[in-house]
Each structure stands twice: as structure tokens, then as C-alpha cells.
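*Asks:* Structure, please.
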Amino acid sequence: MKREVWLPPAGYEPLKLVWKPLGVLTCLAYLAVTVYYFYVRLAFTLAMGPTSWYGAVVFGCEVVGVTAVLPYCLMLLRRCAYVGTDGLPRDDGRWKLPKDKRFCVRVLVPCYKESLECIKATVGAALAADMPPSCSRVIYLCDDGKDAAKREYIASLGDAAVYVSGRTRTPGEINGKAANLNNCLKNIIYAMPAPPAAAAATAAAAAAAASAATASAAAAVPDEAAIPAQEVVVVFDADMVCKPNFFRHVLEVMWDESVGLCLTPQAFSNIPQAGDIWNNINTQFWENILPGLDALGYVGCTGTNFCIRAKCLAKVGWFPEWTITEDYALSLQLKAAGVHGRYLPLYLAEGEAPEEVRAVLQQRSRWAKGHFQVFFSRHCPLLHPKLNMLQRVLYTNVWG
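*Replies:* All right, here's what the predicted structure looks like:
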């Protein structure tokens, strides 16, 4: 059966920006109340005699507080909405994609001490998920734990998966996950000029031969211009099990070559919404804040369940290893580099959230420390010369 070239309808976009009438009214009401409040404060409450200085300090704090709230008002005005159908077509033998849209998907799964059962669920789901026609996929298990059982399991999958381990950790390493991912990208996948997307099987075999022990010395890495636009990297945390339609949906968004990153939300199988006392599900963030940020041009990455063009990663120097929140730092660096990102508001993968109090507090502490690392670094978003004022405020998460 001769395959026909599949093309989306002219002008088709899976994501569009829509206005939120209730959000617009809420924002206008807040602005009106704020203006009136400041008028009253300035006209009637600052003249306090000898203690006027104290009133001025309080007033200044109130102004700073408003600057933290205003970005959230802007997020209420518009949001991104998914208007696509089922994503790119399945590979059912009827279709083929144009040559410049035949994606080579590198799926990276970083792990350390996770159980073999957990890894099997994640890798198995990524391998079983539907792929669009003419596209290829290779799974890379980036194992910092050097687990022989995991090596054996990946070897049993043949050329479909590659076991990567044996990297040398540098003294004082700050972010093991970012270093682990970079090791696979720079020393295994892109150690030589990027292979054409059509030759993915050959590339997988070559990578498998090199996967037993990672090169200890830094390999030559091609610059962004040498990496084809069809080369994309997908990252799943070790416990994130993707749904069968994950790749067809994210690659539908990546069809537009102006898009460098596509982020999807996170869901958790072990946390009932009624009992989510630690707000692990974080519905407000996934279903309100990120769609609103997308409408404002924000590039967001949350560390897992995302797809990014390899050339965009190379453009910013791969995953940031200088902070423990590599996802937040990567978001900032991509935006500063002019990369366009989109948020796809579809739950396409499910994992597990920490349940013990100690684990939850460690997680939140790590997030806070990482954001302050960025804020007090030379990459501070509030002072970043390549961001406009709105983006500086949006990326200064500690501001709020």
C-alpha cells in the first residue's frame, strides 16, 4: 500500500489564545480598587506627624505587594487552550510525514535508586506509546545508580533502548540530574555530528555500543547549527508513565518549527484530590497559572513531561548544572535566548508525588533553594539584560 503524505489543514494550530471574560472583569475590578485605595492612603493617611516615616515605609511595602499581584492579574486575561483533535496520525500504514517533519525522538529517563519495577513501567509506557508515521524513537536510561538489573532489562529491549551509566561525578557537583542528562546528550547522543533523523536506527545501534561506559573526557559536541530541527529530546522522571497519545500530541505542537519547547502538566496516581493536604496536585498552577503565562510569552519547564528541540538545548549550553532547579534555570535561559515555548494543557503522563512529610519538606526546600540560587546569581532574572520588564518580574518567582 502506497503511503500518502499527511499534512495538517492550512492555518491549523493545535493551541490558540482565548480571552477570559471573567478574568478581565476581575482584573479591572482589582485595578479600580487598588487605585482608589492608594488615593485614600496618599490623601488621608500619610500625614502622621512624627511617625510619618513609619507610614511611608508601610506604604512602600504595600506598593511592592501590588507589584507581586499584578502579574497574576495579567494571567487572568488570556489563556492558551487546546483546540486540536487527536494529535498527529498514528502509524497505521496509510500515511507518511514530509521529510522535514520526520522527528527523531530521544527519550531520556534519568534515574538513581528507583526500583526496577518503577523503571519498567516508565520505559515500557514510552516504548508502547503511539508514534506518528515516519518518526523514530530511542529510549535512553540514564542510570547514576549503576544498577546491573536495570542494565540487563534495557539490554533485553534491543536497539529500542540504550543504557547509559558510568559517568564520573565531578567534586562539588550541584545538580546530579542535569549532569546525568548532559552526559547522555553530549557524550553519547551528540558526541559526533547529529545523525539524520531518517537514520535513527543506525544511530541507536552506535549509541548502544557506546553505552556500557560513558566517556570520561568531554566529547566534541556539535553546535546548534549542526543539529537538525527534527531532533527532539523528551524527558521523563523515572516514575512518570506517559499515556499512549503523548508523542502524537506533543509532536503536533512541535510541528511548528518556531516552537522550541512543549511542556505538559504533571498528574499523580498516589494522591487523591480530596486528601491532597500538601497541594501536590497543584491544580491552580497547571490549569490557571501556566495557561496564563503561556499567553504572556513565558517559556516554562518543570523538569519532566516536556519535549524540546536538541538545537535549542545546545543553544543555551544544555541543562544548567549550576543550580539544583535546572528546570527553572533552563526556562529562563531559553527565554533569554529567544526560544519560543508552548504549554499544552493536556495530562499526558502520570507519576507519584512524595507522601511522607519529610520528603515533601525536602522537595519544597530544594525548590526554594534553587530559586534563590538563580536570583542571587549572574543569571538573576530581575537584572537580565535580554528580558523585558514584564518577563523579569514573571521569572523572578521569589518576588511573589
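*Asks:* What ranges does this structure have for its strands?
*Replies:* Using DSSP state E, the strands of the chain run over 4-5, 15-19, 78-82, 95-96, 104-111, 136-143, 161-164, 231-235, 241-242, 259-263, 267-268, 306-309, 340-343, 349-351.
*Asks:* Between those, which one is closest to Leu293.
*Replies:* Leu293 lies closest, by C-beta to C-beta, to one member of those: strand 340-343, at 7.2 Å. Glycine gets a C-beta too; all of them are placed from N, C-alpha and C.
*Asks:* for the closest one, packing partners?
*Replies:* Secondary-structure packing of strand 340-343 (3 or more C-beta pairs under 8 Å, 6 or more residues apart in numbering; DSSP states H and E): strand 259-263, helix 290-295, helix 326-336.
*Asks:* For my notes, please list the ones you listed in JSON lines and give distance to Lys146, mean pLDDT and mean neighbour count for each entry.
*Replies:* Listed next are the helices and strands packed on strand 340-343 as JSON lines, based on distance: least, C-beta to C-beta, whole Å; pLDDT from 0 to 100; neighbours: other C-beta atoms under 10 Å:
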{"stretch": "strand 259-263", "distance to Lys146": "31", "mean pLDDT": "97", "mean neighbour count": "24"}
{"stretch": "helix 290-295", "distance to Lys146": "36", "mean pLDDT": "95", "mean neighbour count": "23"}
{"stretch": "helix 326-336", "distance to Lys146": "22", "mean pLDDT": "96", "mean neighbour count": "24"}
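*Asks:* any chance of these in a markdown table, with distance to Val360 too?
*Replies:* Converted to a markdown table, the helices and strands packed on strand 340-343 look like this (distance: least, C-beta to C-beta, whole Å):
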| stretch | distance to Val360 |
| --- | --- |
| strand 259-263 | 23 |
| helix 290-295 | 21 |
| helix 326-336 | 18 |
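*Asks:* Of all the ones you listed, which one comes closest to Ala148?
*Replies:* Between these, helix 326-336 lies closest to Ala148; by C-beta to C-beta that is 27.8 Å.
*Asks:* which stretches of this structure have low pLDDT?
*Replies:* Counting by pLDDT under 70, the chain contains low-confidence ranges at 1, 192-222, 397-400.
*Asks:* Where do the helices of it begin and end?
*Replies:* 21-40, 52-77, 116-128, 148-155, 176-184, 200-209, 246-254, 283-284, 290-295, 310-315, 326-336, 357-375, 389-395 (DSSP state H).
*Asks:* now the angle from the longest one to strand 15-19?
*Replies:* Okay, so that is helix 52-77. 130 degrees (axes from the mean of the first three to the mean of the last three C-alpha atoms, to 10 degrees).
*Asks:* Report the buried residues of helix 52-77.
*Replies:* Of all the residues in helix 52-77, those buried under the rule 16 or more other C-beta atoms under 10 Å are 70-71, 73-77.
*Asks:* Which elements pack onto it?
*Replies:* Helix 52-77 sits against helix 21-40, helix 290-295, helix 389-395, with contacts defined as 3+ C-beta pairs under 8 Å, 6+ apart.
*Asks:* Check the offset of that helix from the chain's centre.
*Replies:* How far helix 52-77 lies from its chain's middle: 30 Å, per C-alpha atoms, centre = their mean, to the nearest Å.
*Asks:* And for the fifth one?
*Replies:* Computed by C-alpha atoms, centre = their mean, the separation of helix 176-184 from the middle of its chain amounts to 15 Å.
*Asks:* Which strands and helices lie in contact with that helix?
*Replies:* Using 3+ C-beta pairs under 8 Å, 6+ apart, helix 176-184 sits against strand 104-111, strand 136-143.
*Asks:* Can I get the last one in CSV? Just the C-alpha atoms.
*Replies:* Read that as strand 136-143. The C-alpha trace of strand 136-143 is given here as CSV (Å, rounded to 0.1, in the frame of the first residue of the first chain):
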residue,chain,number,x,y,z
SER,A,136,11.6,7.3,15.2
ARG,A,137,12.2,6.9,19.0
VAL,A,138,15.0,5.7,21.2
ILE,A,139,14.9,5.4,25.0
TYR,A,140,18.0,6.3,27.0
LEU,A,141,18.0,5.1,30.6
CYS,A,142,20.5,7.5,32.3
ASP,A,143,21.3,5.4,35.4
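*Asks:* Name the residue closest to the centre of the chain, please.
*Replies:* Note on the chain: the residue nearest the mean C-alpha position is Cys301, at 2.6 Å, using C-alpha atoms, centre = their mean.
*Asks:* so who does it touch?
*Replies:* 261, 263, 308, 327-328, 330-331, 334, 341 (C-beta atoms under 8 Å, 6 or more residues apart in numbering).
*Asks:* will you turn those into a markdown table that also has distance to Pro9?
*Replies:* Output for the contacts of Cys301, formatted as a markdown table (distance: C-beta to C-beta, whole Å):
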| residue | distance to Pro9 |
| --- | --- |
| Leu261 | 24 |
| Leu263 | 25 |
| Ile308 | 26 |
| Asp327 | 34 |
| Tyr328 | 36 |
| Leu330 | 33 |
| Ser331 | 31 |
| Leu334 | 29 |
| Gly341 | 24 |
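*Asks:* Just give me the closest of the residues you listed to Lys113.
*Replies:* Using C-beta to C-beta, these come closest to Lys113 at Asp327, 20.6 Å.
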